[in-house]
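Asks: Predicted coordinates and the sequence they were generated for:
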Amino acid sequence: MQSLNQIIAQIRPLDKQVMDEMSIRLDGLVKPVGSLGRLELLAIQLSGIYRSLNISAPHKQLIVMAADHGVYAEGITLAPQAVTHLQMMNMVKSVSGVCVLAKQMDAEVLLVDAGIDSSPIEGVLNHKVRRGSGNIATQAAMSREEAVTLLERSAQLAIEQVNRGVRLIGTGELGMGNTTPAAAMVSVLCNVMPEQTVGVGANFPQDRMQHKIEVVKRAIAVNQPNADDSIDVLAKVGGFDLGGMAGVMIGAAAAGIPIVLDGFLSCAAALVAVKIAPQLHPYLIPSHRSAEKGTHLALEKLKLVPYLEMSMRLGEGSGAVMAFPIIDAACAIANNMGSLAESNILLSD
C-alpha cells in the first residue's frame, strides 16, 4: 500500500488551460454570457478536474463510512448504539434514506465498516480499525498510527474505485453519536467554542444540549489536540468514520476525480483532508448546507458555498447524492448546448 505522502504527491493542480477553454466555450453558447451562474462555474471546475472539455460522470458512487464511537457512553445521543449496525443492515437492503435517493440518481453506494461495534456484516466492505473508537471525553479516539493507516487505506480504496471506472465520488457516514466528535474537530480546526458547533444531531433534546457541549469541551481539554496538525485532531477527538471520509477525499483527488461533500460530518472530515493536503481543495464540490449547527462555520473555513439549501440533517451522504443531478446538468450544458456562431446570433458588446 502506498504511503499517505505518496498518495498526496499524486494530486495535481487543475488544468488551467482547459478551464480557460471551457470558459470561452460557455461564453459562446446560445445564452447571455454568465446567465447560468454557478452552473457555468461548476462546468469550468469539472473541466479542470477531468482535464478535458468533454466532461461527464456516468459512473457515480457514494462511499458510506460507518463506525461507532466510545463517546456514546457519555449520553450524547438518544439513539441506541446498536442502531449503527441496524441502519447499516438497512443500507445493505437498500431501504435507507440515502440508498433510496442514490437509486433515484442512478448512483452506486459502497458501504464500508471502518469501526462498527459488531461482527463483520455481509455486503459491507470490512475496513474495521477496531470495534468503536475511544471515548474522547476521557482518552484519544485512536492512536496517530491508526489515524494514518485509516487515511491511507481509505485513500487507496477511492483510488481503486476510480480504477474500476468511477468518475465521481460522494462522501457519507453512519455512526450513532458522531456529531459529537465532529463538533470537537470543527471547534478545534475553526478555533471556535463548542457552543458554536454542537447541534441536535439525531434530535437530541434542547434541554440537554449543555451536557453535550460540556462533553466536547472535556474532550478538547483532556486530549489537547494541535489545531495545526489535523491528523492529531482526528486521532484525538475524531472517529473512524470521519477519518475514512477524509482519506476518501485525498484518494479521489489523487486519482483525478471530483469529491462531493455531504453535510456537517463530511465538512468536518474535509477540514482534516484540506489541512493535510491543501492541493485537494479545488476537487471539492459542496452539496448542501446542513441544518446541523456548525456547518456554516466549517463551510466558511473551507471557503465553499453549497449548491442546495434543503434544511436536511439526515447524514449518510443524502445531501451529496442530491447534488449529483446538478453536476449532470453542468456537464449537459457544456456538452450539448448550441453555440451562438452555429445559430448565426451576433451579440453586440
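Replies: Nice, I can see it.
Asks: now for the helix or strand where Val109 lies, which elements pack on it?
Replies: Here Val109 sits within strand 108-115, counting by DSSP states H and E. Applying 3 or more CB pairs under 8 Å, 6 or more residues apart in numbering; DSSP states H and E, one finds that strand 108-115 makes contact with strand 60-67, helix 82-92, helix 97-104, strand 125-126, helix 144-163, helix 240-254. Backbone N, C-alpha and C define where each C-beta goes, glycine included.
Asks: Quick check: next helix or strand after the last one?
Replies: What that stands for is helix 240-254. strand 259-261.
Asks: contact partners of that next one?
Replies: 168-171, 248-249, 252-253, 267, 270, 280, 283-287, 304, 320, 323-324, 327 (CB atoms under 8 Å, 6 or more residues apart in numbering).
Asks: cool, stretch 67-79 as well?
Replies: 81, 84, 113-117, 129, 131-137, 139, 141, 173-181, 201-205, 211-212, 215, 219, 239-241, 244.
Asks: tell me which residues in stretch 300-319 are buried?
Replies: Buried residues in stretch 300-319, counted by 16 or more other CB atoms under 10 Å: 301-302, 304, 306-307, 310, 312-319.
Asks: per-residue pLDDT, Met176?
Replies: In this model, Met176 is scored at 97, pLDDT.
Asks: just to revisit the earlier point, got the angle for the strand holding Val109 vs helix 82-92?
Replies: If you take axes from the mean of the first three to the mean of the last three CA atoms, to 10 degrees, strand 108-115 sits at 150 degrees to helix 82-92.
Asks: Using CSV, write down the CA coordinates of strand 108-115.
Replies: The C-alpha coordinates for strand 108-115 follow below in CSV (Å, rounded to 0.1, in the frame of the first residue of the first chain):
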residue,chain,number,x,y,z
GLU,A,108,-23.8,3.2,-6.7
VAL,A,109,-23.5,3.0,-2.9
LEU,A,110,-20.4,1.4,-1.4
LEU,A,111,-20.7,0.5,2.3
VAL,A,112,-17.6,0.5,4.4
ASP,A,113,-17.3,-0.7,8.0
ALA,A,114,-14.5,1.4,9.5
GLY,A,115,-15.2,0.5,13.1
